[in-house]
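**Student:** Everything below, folded, please.
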Amino acid sequence: MSKIRNWWKRRKKAIVIVAVVISSVTSFAFVEDYYFEVSKNLDIYTTLFRDVNMYYVDSVQPGALMKKGIDAMLGSLDPYTVFIPESDIEDYRMTHVSAEYGGIGALVHQREGRIEISEIYDGFPAQKFGLKVGDQILSVNGNSTENRKVEDVTNFMKGQKNTSVVLRIKREGVAEPIEKTIVRDEIKFKNVPYYGMANNTTGYIKLTQFLEHSAEEVRSALQELKKNPDMKSLVLDLRGNGGGLLKDAVDIVNLFVDEGQKIVSQKGKIREMNMEYFATRTAVDSKIPLVILIDRGSASASEIVSGAIQELDRGVIIGQRTFGKGLVQQTYNLSYNTLMKVTIAKYYTPSGRCIQALDYSHRASDGSVAKVPDSLITEFKTAAKRVVYDGSGIFPDIYTDPGAFSNLAQALFRNYHIFDFANKFARETDSIPPARDFSLSEKQYQDFISYLDGKTYDYTDRSEIKLEEFKAAAQKDKRFASLNTEFDAIKKKLEEDKKKDLLSRHDELKEILEGEISARYYFQKGRLETSFKNDVELKKAIELFNNEALYASILKGEGEYKVIGKPGSVSQLKALEERDNDGLN
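**Tutor:** This next block holds a predicted model:
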């Protein structure tokens, strides 16, 4: 028996050795074949590129042709894997790393071939040297702006700190053009453009991006707010925040959870790049009642923060389902001062879920990308055993219907009537009350209606769209001839009712006007503070803070809060419907 056992041990050892050798040979062969494929296709691409440039009938710009080829190749992967040529590196760094440059601190837009100032930022040269929203820029350092692209004009205005730029402007109500010599300064936009008290007991921090120093800015804002002894709760607003640096997202979560807590992990093809991120410091405040506001524009780093806060049961999430970007990018230096930003991994929340909503690895034959189907969505659990789901962004604990501008409001925006009326109001009115207290009077709203007399702002509302759909269906069914009279009567009645829309949309338009006018006097801060009184999500947060029992029950997962965003649930379906129908109001 012992001989048989010894023989079997030797045989098993031999089998293991042979298996390892075969595995190694197979792995080596796979790697060798893979790199041969890479080498072969690089050779094909190189010779093709060379011969096209050499033999194509018309002159070819090699750089432009190569850029198109690279963009098409990377575009077949996902929207976040991109090539950045040397000419675009500064813009890339400003957009994705640090919004800092030398300039005057103003935004411009193009309108009917002319360039106008659309927004001025408080504390920067444009404001200090007396530029106003609505000023038409005729020239920059002698360069005419007529029919110029917005990028060309902004490039003219940018330059080294402490250098001068000469603007020739035309201002409404002033007969002759005005010339202004403006000294450029360092323009550094804050990640936290605003923080303050939303009411007597609720602190509020607005975070618009996760660029360099964003965590430091949130920490500083939180510490300043905590100096107010009356502050009992906090709202962190991540609505419209498309993300940025992962490290700053981790550090922001760490402001509210103590060290040792797992915040996020990333996993990709290269094992050495798989990482787990933990809170490494003591929290600034691990107890204060916390609400995170999110919407469909909250993505990437915003989802890391809201996902971690939700799964660690540290705070309540209010708003709409987030975008669903669970991909991590890394930037690599290439030759000739170019860069590549490439997706290297997916990130996972503390429970282990990936919230990526679109599956770029399985495109349809037409190249389209589908959402992760409900059948593949998996259940995960928070620290308190609340149920959450992967594959569809971060679903809020409390869902709110997203606000959407009416087609009337969009038409007034599109035709610059709200913009122009706010400029006119500011020219004729020296001051207004503080932004929080400012309210347009009924007389002032009637002035706006009178201002619109004779102005064009055509729009089609939902009922008109449906009526035209009915007409097409009736014509297809050969029934329209008998319904023509009734159809014309309904259409005429709709047109008459539309004339009353300025009154029926009174509250919406008044709210928009108040924000736009406040911005003329108090800049971004004014626009934001004016919005507080009509902010649905902020109101819901304050109501929640006033109901301590409800706040606690949500974090414990009691009753309806045991399951969050279940596929097929009423709130989840409503969120999907709102996203699919966005813009049809």
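**Student:** V60 - nearest residue in space that isn't next to it in sequence?
**Tutor:** N53 (5.3 Å; Cβ to Cβ, 6 or more residues apart in numbering). Every residue, glycine included, has its C-beta placed from N, CA and C.
**Student:** Show me how the protein divides into domains.
**Tutor:** As given by automatic domain parsing, the domain ranges for the chain are 23-60, 100-188, 194-402, 407-545.
**Student:** Average pLDDT for the shortest one, rounded please.
**Tutor:** Averaged over domain 23-60, pLDDT sits at 79.
**Student:** next one: stretch 517-531
**Tutor:** The average pLDDT for stretch 517-531 rounds to 96.
**Student:** Need the pLDDT of E100.
**Tutor:** Note on E100: pLDDT of 63.
**Student:** Select, out of the domains of the chain, the one closest to G559.
**Tutor:** Minimum separation from G559 across the domains of the chain (Cβ to Cβ) falls at domain 194-402, 11.2 Å.
**Student:** picking that back up, ok, then the element right after the helix or strand hosting the residue nearest to V60?
**Tutor:** Following DSSP states H and E, one finds N53 within helix 2-55. Next along the chain after helix 2-55, taking DSSP H and E as the criterion, comes helix 62-75.
**Student:** what comes up buried for that next one?
**Tutor:** Within helix 62-75, the residues scored as buried using 16 or more other Cβ atoms under 10 Å are L74.
**Student:** cool, and stretch 294-307?
**Tutor:** Neighbour-count burial for stretch 294-307 [16+ other Cβ under 10 Å]: 294-296, 298-307.
**Student:** Now do it: distance to the chain's middle.
**Tutor:** In terms of Cα atoms, centre = their mean, to the nearest Å, the centre of stretch 294-307 is set 9 Å apart from its chain centre.
**Student:** Can you dump the C-alpha atoms of that stretch in PDB for me?
**Tutor:** Output in PDB follows, covering the C-alpha atoms of stretch 294-307 (Å, rounded to 0.1, in the frame of the first residue of the first chain):
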ATOM      1  CA  ILE A 294     -27.100  64.900  -6.900                       C
ATOM      2  CA  ASP A 295     -28.700  64.900 -10.400                       C
ATOM      3  CA  ARG A 296     -28.100  63.500 -13.800                       C
ATOM      4  CA  GLY A 297     -25.100  65.800 -14.300                       C
ATOM      5  CA  SER A 298     -23.300  64.300 -11.300                       C
ATOM      6  CA  ALA A 299     -20.700  61.900 -12.500                       C
ATOM      7  CA  SER A 300     -17.400  60.200 -11.800                       C
ATOM      8  CA  ALA A 301     -15.800  61.700  -8.700                       C
ATOM      9  CA  SER A 302     -19.300  63.000  -7.700                       C
ATOM     10  CA  GLU A 303     -20.500  59.400  -7.800                       C
ATOM     11  CA  ILE A 304     -17.500  58.200  -5.700                       C
ATOM     12  CA  VAL A 305     -18.400  60.700  -3.000                       C
ATOM     13  CA  SER A 306     -22.200  60.100  -3.000                       C
ATOM     14  CA  GLY A 307     -21.800  56.400  -3.400                       C
END
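**Student:** how long is stretch 259-278 from one end to the other?
**Tutor:** Using Cα to Cα, to the nearest Å, the end-to-end distance of stretch 259-278 comes out at 7 Å.
**Student:** Just the residues contacting that stretch, thanks.
**Tutor:** With Cβ atoms under 8 Å, 6 or more residues apart in numbering as the test, stretch 259-278 has contacts from 246-247, 249-250, 253-254, 257, 279-282, 304, 307-308, 312, 328, 330, 344-350, 352.
**Student:** Likewise for stretch 101-113?
**Tutor:** By Cβ under 8 Å, 6+ apart, stretch 101-113 touches 90, 94, 115-121, 123-127, 129, 131, 137, 146-147, 149-150, 153-154, 157-161, 163, 165, 182, 184-187, 416.
**Student:** Filter those down to the buried ones and hand me the ChimeraX line.
**Tutor:** Applying 16+ other Cβ under 10 Å to the contacts of stretch 101-113 leaves a buried subset, and the ChimeraX line that selects it is:
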select :115,116,117,118,119,120,121,124,125,126,127,131,137,153,154,157,158,159,165,182,184,185,187,416
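**Student:** So A472 belongs to a helix, correct?
**Tutor:** Yes - assigned with DSSP: H, G, I helix; E, B strand; the rest coil, A472 falls within a helix.
**Student:** mind checking how far it is from I263?
**Tutor:** From A472 across to I263, the span is 53 Å (Cβ to Cβ, to the nearest Å).
**Student:** Of those two, which one has the most company?
**Tutor:** Set A472 next to I263 and count neighbours by other Cβ atoms under 10 Å: I263 wins out with 26 against 11.
**Student:** So for the closest residue to S298 other than its chain neighbours, what's the pLDDT?
**Tutor:** For S298, ignoring the flanking residues on the chain, the nearest one in space by Cβ to Cβ, 6+ apart is T322 at 4.4 Å. Note on T322: pLDDT of 96.
**Student:** Relative to Q320, how far out is Y561?
**Tutor:** Look at Y561 and Q320: by Cβ to Cβ, they are 17 Å apart.
**Student:** Neighbour count for the two, which is higher?
**Tutor:** Ranked by neighbour count (other Cβ under 10 Å), Y561 and Q320 place Q320 first, with 25 against 18.
**Student:** so the more buried one makes contact with D295?
**Tutor:** Yes - with contacts counted by Cβ atoms under 8 Å, Q320 reaches D295, the gap being 4.8 Å.
**Student:** which residues sit in contact with the residue positioned nearest the centre of the chain?
**Tutor:** The chain has G242 as the residue nearest its centroid, 3.3 Å off, counting by Cα atoms, centre = their mean. The contact partners of G242, by Cβ under 8 Å, 6+ apart, come to 209, 297-300, 302, 323.
**Student:** Mind jotting down where the helices sit in the stretch 51-200 of the chain?
**Tutor:** With DSSP state H, counting those that start in this stretch, the ranges of helices along the stretch 51-200 of the chain come out as 62-75, 89-96, 125-128, 150-157.
**Student:** And these: which comes nearest L238?
**Tutor:** L238 lies closest, by Cβ to Cβ, to one member of these: helix 89-96, at 17.6 Å.
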